[in-house]
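In: Got a sequence here, can you model it:
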Amino acid sequence: MSFKEDTKNDLPKWPIYDKNEINALSDVIKSRNWWGGFPGDHQGENVWRFQEEFAQFQEAKHCMAVCNGTVAIESALIALNIGMGDEVIVSDYTFVASASAVIATNAVPIFCDIDPNTLVMDVNKIESLITDRTKAIIPVHLGGNPVELDRLLEIAYKNDLFIIEDCAHAHGSRYKGKRVGNWGDAGTFSFQASKIITSGEGGAIICNSDDLADKIYSYIDCGRKKNGYSYAHYSFGTNYRLGELYAALLRKQLEKFPEQHKLRNKNGQYFGNKLNEIGGIQTMKLTPGTEECGYYVYPIVFDLSQFGKITKKEFNKKLNKNGIPTDDCYPPLHRVDCFKNIKLKKGIDYGNANWGKERSFDNNFPVVSDIYSRSIEFPHEILLASKNKLDWIVEYIKTLKKD
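Out: Next comes the predicted model:
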């Protein structure tokens, strides 16, 4: 029996749901309370309860739910007074939102290369990127793998910089005893359709400062104050609120998450050990000190010379054709068209950025450019499969060395 016939239909499909999600949505619809209302005047309860439950799970004091992970980053930046002409250091290996949120505040992202083993921001490169305009750092915990946060905090403290952790991949990740998102000034999360906790769309910001939480709330809810008059708008804000239907889904997904998280971590270690036994395969190495990993994606890097010099595209195609779901990794931000060709906001000076035109050449970002050229990723639901299915995947990859 071929690999495809034996396993494709047995691999977990995402998202996972049952009658609990269906009933939760039905209850909201029947209630006619389709939005949360205000802190002092609740219309529905799911948004407020989810914020409490997610803050508790992430071991943070405050959680503010928003409509997606992109505006979560933007809102944290605005609340920290990041704006016109400020520079924010961002990992070069991430989804565009980590940097486009900086653009949205009229600030300028500065791209940092990655560590070739952990595939996350190389903190040893950060200080060389700091200028008198630098105001913040956005470490991205790619695949749930934490950036070296204790070292990052030292650099930030020394240079009086804010840290906003991009935890879109890292729900539940723990580094040296503390959940990610709690190391910096704020942590941002995404609940987009493919994320390990999902409602299709949605996001959240966590923090441990009462003052910062109030500022974030005001920005995401039209400049209001908590428990203030609903038509009083005390500062500039916008509407990034999350709706009750999304929050109802998230509460049920959060109930399922701890068991899934435990299995992903168990299988992530097992799968990695098996893959690393194959000559020419390198899995993402967890940053030393990582105790739990979100494993939103599971990247692997392969040595083309040991696989008949097939291209990444061909490698990916072979796996997909045989029933193994994979995807391309994020193109490095310096390569993304809007940055490379500076198709961004009018009136903003991007002249001091370390990207754009010839500054976006790969030789200026050698590690991430090399890694991207020979890496693919498995979706996180792979790690919810049985060990037998993971073994099948490993055995198929071994056959590619014979092609």
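In: On the pLDDT front, check residue 145 for me.
Out: Among the per-residue scores, residue 145 holds a pLDDT of 98.
In: same thing with the one 5 residues further on?
Out: According to the model's per-residue confidence, residue 150 sits at a pLDDT of 98.
In: what about residue 26, helix or strand, and which?
Out: helix 19-31 (DSSP states H and E).
In: Measure how buried residue 153 is and give me the count.
Out: For residue 153, the count of nearby residues is 16 (other C-beta atoms under 10 Å). No exception for glycine: its C-beta is placed from N, CA and C like everyone else's.
In: That one contacts residue 185, doesn't it?
Out: No. The criterion here is C-beta atoms under 8 Å, and residue 153 misses it with residue 185 at 10.4 Å.
In: Quick check: neighbours shared by the two?
Out: Counting by C-beta atoms under 8 Å, 6 or more residues apart in numbering, the common neighbours of residue 153 and residue 185 are residue 163.
In: Excluding sequence neighbours, find me the nearest residue to the spatially most central residue of the chain.
Out: Closest to where the C-alpha atoms of the chain average out (C-alpha atoms, centre = their mean) is residue 168, at 2.3 Å. Counting by C-beta to C-beta, 6 or more residues apart in numbering, residue 168 lies nearest to residue 190, which is 3.9 Å off, once chain neighbours are set aside.
In: Now that neighbour: phi and psi?
Out: The phi/psi pair for residue 190 (degrees, to the nearest 10) reads phi -120, psi 140.
In: likewise residue 378?
Out: phi -90, psi 150.
In: Would you mind confirming that it is in contact with residue 329?
Out: No. Contact status for residue 378 versus residue 329: not in contact, 10.8 Å apart, counting by C-beta under 8 Å.
In: Residues in contact with both of those two, list them for me.
Out: 297, 299.
In: Where do the strands of the stretch 201-350 of the chain begin and end?
Out: Remark: strands assigned in the stretch 201-350 of the chain by DSSP state E, counting those that start in this stretch are 203-207, 281-283, 290-292, 297-302, 327-328.
In: Give the other helices and strands that the fourth one contacts.
Out: Translated: strand 297-302. In this structure, strand 297-302 packs against helix 244-275, strand 281-283, strand 375-379, with contacts taken as 3 or more C-beta pairs under 8 Å, 6 or more residues apart in numbering; DSSP states H and E.
In: Mind doing that once more with 7 Å?
Out: strand 281-283, strand 375-379 (3 or more C-beta pairs under 7 Å, 6 or more residues apart in numbering; DSSP states H and E).
In: nearest to residue 257, of the ones you listed?
Out: Residue 257 sits nearest to strand 375-379 of all the helices and strands packed on strand 297-302, at 16.2 Å, using C-beta to C-beta.
In: Who are the packing partners of the closest one?
Out: For strand 375-379, the packing partners by 3+ C-beta pairs under 7 Å, 6+ apart are strand 297-302, helix 312-321, strand 327-328.
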